[in-house]
Structure formats: C-alpha cells, structure tokens
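Novice: Mind folding the following:
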Amino acid sequence: MDKGLLAYLLIPLFAAVLIPFAARYRAKLADILASVTLLAGLVNLLWLSLRPSMVSGGFADLPGDGLSLLLVGAVYLVGFCVTFFSAWYAEDNMPNRPAYYSLILVSVAAMTGVVTTTDFFTLYVFIEVLAVTSFALITTDETSGGIEGALKYFFLTFPASALIIVGLSVLMLTLGSLSYENLRIFMASDIPAGPVTFGAALLLLGFVIKSGVVPFHTWTPDAYQGAYAPVSAHLAGIVTKISGVYAIVKLATLLRFFDGRAQALSEMLMFLGLLSIAVGALAALKQKDFKRMLAFSSISQVGYIVLAAGLGTPLAIMGAVFHLFNHATFKTVLFLNSASLEKAAGTTDMDKLGGMEHPMPWTSWTSVIALLSTAGVPPLSGFWSKLLIILALWESGLRGYAVLALLFSIVTLAYFMVMQKKVFFGEKSAAAKSSAEVSAPLLAPAVLMSAVIVALGLLFPYFYTYVKVVAERIIL
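Specialist: Below is the predicted model:
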C-alpha cells in the first residue's frame, strides 16, 4: 500500500467511528464532521498535487504512480459533494443520520484502500467492504424501490465476488504471490501465460460485472433509480467506478495488452466496452425517468473507459484515466441535479416536467455543462478524454471502433438534448409553476463540480502532462 496516502484511508475511518458517539444527542453534528473531514482531505490533496513547484516541474515529483493520488482526489471530491448536499437535502427528522454519514465515510476509506493497495487480495477485501456499505446506503431510502435496488445490487454482484475469489486462487497457485509487481514481472517474461491468463480472465469478468458493463448491467438502473437521491450520485459518480472500472484499468496495464500479451482478453474487453457504449446510449434514448436515463448513460460512458483499457496502449490508458476522473465530475452534477429536481418538483418523470429552467435556472445550466461534457463537446473536459480514446483507437488501426465511438458520442448528445428540452426548456409544466430553485447550499456542489469540468477543459495541457506521467509510470 502507498504509505504516503495511508492517512486518507485512516482519517475518514476514524471519523466514521467517532460520528455515532459525537452525534448521539445532536444528530446534525454528523453532517458537520463528515463534511469537514472530507473537505480537509480534499484541500490537502489539492496542495499535494497542484502546488506551484509540482506543476512547474511537470509533475515529476508525484508520489507513487500518480494514479492513486488522482483517484483519491476524485473519491474525496465526490464524497464531499455528496455529504454537503445530503446535509441540506435531508429532512430534520431523517432516521439514522449518524449511521448514514458513517457509511459514506467508510465507503470513502474503502475506495481509498482500493486505489492505494499494491496486491489483489487487499484490493478484493476493500471492494467487498465497499459493496456492503453500498448495499446499506441504497437502503437508506426505505421505500420499495430502495429495497428492490439494494437486493438486485447484492444478488447480481455476488457472483462477481465468487469469480474474483476463484481468480485469486488460480493466480496464487501459479504465481505464488498476489502482488501487482509479481504479475507485471511475469507478463514481461517469455514464460507461457496460460494459467495466469485464465486467473486474470476470471478477475476481469468479476470486475466487469461489478462495473455494470453490458451484458451484466441489469442491476445498475434499478439500484441508481431506487437509491436515496444523494446515494445515487455517490454510486454513479465514484463507487462503481472504483469497485470495478479502476480494477479493469489496473489489470489491463499489468497484463501488458499494449505488448500483445493476453490478446484474447484485450479483444474481449474492447468488444464489451463498445457493446456497453451502444446499448447504454440506445437504451437512454427510450427512458422517461431522469434518473433511469442517467443510469443508462453511465453504462455507456463506462464503456468508453473499458474500451480504452482493452486497447491498453499508453495513449488509450491516458484517455481511460482522464475519462474515469471526468465521469466522476459530470455524473455527480447530473445525479445531484436530479435530486434537486425531485425535491423541488416531487418527481423525476420527464413527461411531468418541462420549463423547469424558469424556476430553476442554476440547476438547468449546470446540467447543460455536465451533459455537454458527457457528450464530448469542446472545450469541456469530456471532449479531451474522448478525443484521446478515439485517437488511440485510430492510431492502433482500429478505425471501425474509433468511428463507432465517435458516432455514439453524437447519440449521447442527442438523448441529452432531448432530456434538456423535456425537463428544462419549453413551456412551463404544472410542476414548473409550483416549483422554485433549491437553496444555495444544495446548488453549491453542482456549481463546484461544473467549475471543475470547465477548468479541466480549459487547462487541458496541464492535465495532459499529469495523465501522461501517470500512464508512463503504470505501464512501464
């Protein structure tokens, strides 16, 4: 484990234990403790990675591989936005308030563990801790939808855990160790990689299921739609990306897809990635519920990351890492805005909304920024990460994949424009006439994330330097 980042795991864990005692008689103390813990960590991470000497030196002094630092930053950023939003979204009589914030902090600690560990067994342990906390968080909303979403999440991701355990056993028997470095060294040698590839295939299949990649995506829309509204943002923004997608990217670099090793696995991942892009985008076109449409959009965007990971070249990994971070930003904005709509209008049924831009201009325009970034419209951050992925495919001679990835990006823009027209633009609906913009504290996280999206797009040369350093370190 990267010891330099260990504090970012231990401090939220300590805060999670402290909250039930500190907030026993004053439940709102839980909100404050959780938000302050994550904000302090976020400020510290920003200084660690963006201090002037680090930027001017081309990020050469980044600790570790740089990827862990970036993803811990993404975890803390989304976690802070969700806890801050929840503090103002929740009613004063919210049941189990301290437990809710403790669970979010435990999930933050678990995700930090996932991205900082250096062996597969510890990775698996943290992913299972994350799965348990996610299950509990989905049931925060004790409606039938929340319970149904939680049960589908549990039962449909349980086989993934079994596959990962079997894969770990095979790797242990063939390699004698579960460290990342051992697998990297083995794959760089000329030893036949048959049994190791089989073990890695089982691991990849498990992580693909946990990522909600097509055809293993059926739990995703129900879990996202049924979950307590801020929890949907937490799950879609970062949890499923860390519990599955990160592990896929990590394995792709360790298996040296760029060298032509494990070619069958590389091709399988690329195919599943493109399938997810297509199915997610086409399914999103048909949805009438805002949250459900966002869930299918998430499936499609994860497909881009998996497609790039399957290719595995340095440029593709740069695109995958950048899009993974971008996904955390734009999906958090969109899901938090869906929560704001639900609070203001009492529904997320797009047929019952319309003209919401008039009472909710801030919610409307932060949604525009996030959807344009998701669709890859310049100069926003999502444009650059998709461009890197499409260029990597084109350079590798995979012109068909590149063209299809570009075409489905246009489909993404189409369904989001339909959503924006149905929900925000046009004539005022009955819901719009009786609604008002949510309070400033509820808007703040979406505005913050929108600012990050714009800043990453405009300052792309700096971020490109960062992800280039990351790609070089995790591949070589």
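
Novice: Only C-alpha atoms from now on, for both contacts and neighbour counts.
Specialist: OK.

Novice: now the helix or strand Tyr304 falls within, how far from the chain's geometric center?
Specialist: Following DSSP states H and E, the helix or strand that holds Tyr304 is helix 290-311. The chain centre lies 10 Å from the centre of helix 290-311; the measure is CA atoms, centre = their mean, to the nearest Å.

Novice: Can you list the helices and strands that whichever helix or strand comes after it packs against?
Specialist: Per DSSP H and E, helix 290-311 leads on to helix 314-345 as the next helix or strand towards the C-terminus. Here helix 314-345 touches helix 67-89, helix 229-234, helix 246-254, helix 290-311, helix 361-375, helix 381-395, helix 440-458, helix 460-475, going by 3 or more CA pairs under 8 Å, 6 or more residues apart in numbering; DSSP states H and E.

Novice: how about a cut-off of 6 Å?
Specialist: Here helix 314-345 touches helix 229-234, helix 290-311, helix 381-395, helix 460-475, going by 3 or more CA pairs under 6 Å, 6 or more residues apart in numbering; DSSP states H and E.

Novice: mind showing which ranges of the stretch 101-250 of the chain have poor pLDDT?
Specialist: For the stretch 101-250 of the chain, the stretches with pLDDT under 70 are 141-146, 148-149, 192-193.

Novice: For Phe135, find the nearest of the helices and strands packed on helix 314-345.
Specialist: helix 229-234 (10.4 Å; CA to CA).

Novice: ok, then the element right after that closest one?
Specialist: Past helix 229-234, the next helix or strand by DSSP H and E is helix 240.

Novice: Identify the residues contacting that next one?
Specialist: For helix 240, contacts defined as CA atoms under 6 Å, 6 or more residues apart in numbering pick out Ser211.

Novice: Not counting sequence-adjacent ones, nearest residue to Leu42?
Specialist: Using CA to CA, 6 or more residues apart in numbering and skipping the chain neighbours, the partner closest in space to Leu42 is Tyr76 (5.8 Å).

Novice: Just want the angle from the helix or strand hosting Pro98 to helix 67-89.
Specialist: Using DSSP H and E, Pro98 maps to helix 97-116. Note on geometry: by axes from the mean of the first three to the mean of the last three CA atoms, to 10 degrees, helix 97-116 and helix 67-89 are set 170 degrees apart in direction.

Novice: So which residues make contact with helix 97-116?
Specialist: Contacts for helix 97-116 (CA under 6 Å, 6+ apart): 1-2, 9, 12-13, 16, 20, 30, 68, 72, 123, 126, 130, 133.

Novice: Any idea how many residues pack against the nearest residue to Val452 once chain neighbours are set aside?
Specialist: Closest residue to Val452 apart from its sequence neighbours, by CA to CA, 6+ apart: Thr329 at 7.4 Å. For Thr329, the count of nearby residues is 28 (other CA atoms under 10 Å).

Novice: how much space between Thr329 and Phe424?
Specialist: Between Thr329 and Phe424 the distance is 21 Å, computed by CA to CA, to the nearest Å.

Novice: Can you show me the CA trace of stretch 466-476 as CSV?
Specialist: Taking C-alpha atoms only, stretch 466-476 is exported to CSV below (Å, rounded to 0.1, in the frame of the first residue of the first chain):
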residue,chain,number,x,y,z
TYR,A,466,-0.3,14.8,-15.4
VAL,A,467,-2.0,11.8,-17.1
LYS,A,468,0.9,11.3,-19.4
VAL,A,469,3.2,10.9,-16.3
VAL,A,470,0.6,8.5,-14.8
ALA,A,471,0.3,6.4,-18.0
GLU,A,472,4.1,6.2,-18.3
ARG,A,473,4.5,5.0,-14.6
ILE,A,474,1.7,2.4,-14.6
ILE,A,475,2.7,0.9,-17.9
LEU,A,476,6.5,0.8,-17.8
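
Novice: quick one: that stretch to chain centroid distance?
Specialist: Relative to its chain's centre, stretch 466-476 lies at 20 Å (CA atoms, centre = their mean).

Novice: Just the mean pLDDT for that stretch, thanks.
Specialist: Mean pLDDT, stretch 466-476: 77.

Novice: what does stretch 358-368 give?
Specialist: Stretch 358-368 comes out at a mean pLDDT of 85.

Novice: hmm, who's touching it?
Specialist: Leu334, Glu357, Ala436, Glu437.

Novice: List the backbone torsions phi and psi for the last one.
Specialist: Which is Glu437. For Glu437, the backbone dihedrals (degrees, to the nearest 10) come out as phi -60, psi 140.

Novice: between the helix holding Pro98 and helix 246-254, how many degrees?
Specialist: Going by the same axes, to 10 degrees, helix 97-116 makes 10 degrees with helix 246-254.

Novice: With just CA atoms, put helix 97-116 into PDB.
Specialist: In PDB, the C-alpha atoms belonging to helix 97-116 read as follows (Å, rounded to 0.1, in the frame of the first residue of the first chain):
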ATOM      1  CA  ARG A  97     -28.500  10.300  10.300                       C
ATOM      2  CA  PRO A  98     -25.200   9.400  12.100                       C
ATOM      3  CA  ALA A  99     -25.200   5.900  10.600                       C
ATOM      4  CA  TYR A 100     -25.700   7.400   7.100                       C
ATOM      5  CA  TYR A 101     -22.700   9.700   7.300                       C
ATOM      6  CA  SER A 102     -20.600   6.900   8.900                       C
ATOM      7  CA  LEU A 103     -21.400   4.600   6.000                       C
ATOM      8  CA  ILE A 104     -20.300   7.300   3.500                       C
ATOM      9  CA  LEU A 105     -17.000   7.800   5.300                       C
ATOM     10  CA  VAL A 106     -16.400   4.000   5.500                       C
ATOM     11  CA  SER A 107     -17.100   3.800   1.700                       C
ATOM     12  CA  VAL A 108     -14.600   6.700   1.200                       C
ATOM     13  CA  ALA A 109     -12.000   4.800   3.300                       C
ATOM     14  CA  ALA A 110     -12.600   1.600   1.400                       C
ATOM     15  CA  MET A 111     -12.300   3.300  -2.000                       C
ATOM     16  CA  THR A 112      -9.000   4.900  -0.900                       C
ATOM     17  CA  GLY A 113      -7.800   1.400   0.100                       C
ATOM     18  CA  VAL A 114      -8.800   0.100  -3.300                       C
ATOM     19  CA  VAL A 115      -6.800   2.600  -5.300                       C
ATOM     20  CA  THR A 116      -3.700   2.700  -3.000                       C
END
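
Novice: what's the neighbour count on Asp190?
Specialist: Around Asp190 there are 7 other residues, counting by other CA under 10 Å.

Novice: again with Asp259
Specialist: Neighbours of Asp259 using other CA under 10 Å come to 12.

Novice: For it, report the pLDDT, please.
Specialist: 71.

Novice: Measure how buried Ser435 is and give me the count.
Specialist: As a burial measure, Ser435 scores 18 neighbours (other CA under 10 Å).

Novice: Double-check that it belongs to a strand.
Specialist: No. Per DSSP: H, G, I helix; E, B strand; the rest coil, Ser435 lies outside any strand segment and is coil.
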